[in-house]
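Peer 1: pasting the structure only:
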């Protein structure tokens with residue numbers, strides 16, 4: 001789930017929110033929170049689109065998770081290894097069994 005929260009944690013947070021905020025103000029706060037999340041998603045989408053546009057060709061499939069340094073390094077290394085694999089393969093003759101050993 002979102003932020004690695006399970007159903008139990010979400011239920012606990014909902015009960016805590018109801019106690020702290022009160023049942024009469026909770027719907028209004030939930031609507032405001034939903035609007036805030038919607039604005040944050042729109043901002044992230046816009047930022048990603050601007051980044052793709054500014055980076056130019058070759059980055060059309062850029063995803064925000066690709067900007068994580070660990071993911072970026074893994075992707076670059078796998079691309080390099082995939083490129084080197086055909087060059088590194090050499091057609092070796094198949095091992096032959098000596099008939100005298102049989």
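Peer 2: Yep, that arrived. Every value quoted in this text rests on a predicted model; they were computed, and no experiment measured them. Numbering: from 1, shown residues only.
Peer 1: where does residue 49 sit, in terms of helix or strand?
Peer 2: helix 26-55 (DSSP states H and E).
Peer 1: that helix: what's the following helix or strand?
Peer 2: helix 69-88.
Peer 1: tell me which other helices or strands that next one touches.
Peer 2: Helices and strands touching helix 69-88, as assessed by 3 or more C-beta pairs under 8 Å, 6 or more residues apart in numbering; DSSP states H and E, are absent. C-beta here means a position set from N, CA and C on the backbone, and glycine is covered the same way.
Peer 1: let me see the mean pLDDT of that helix.
Peer 2: The average of the pLDDT scores along helix 69-88 is 71.
Peer 1: what's next to it, contact-wise?
Peer 2: Identification of contacts with helix 69-88 by C-beta atoms under 8 Å, 6 or more residues apart in numbering yields 65-66.
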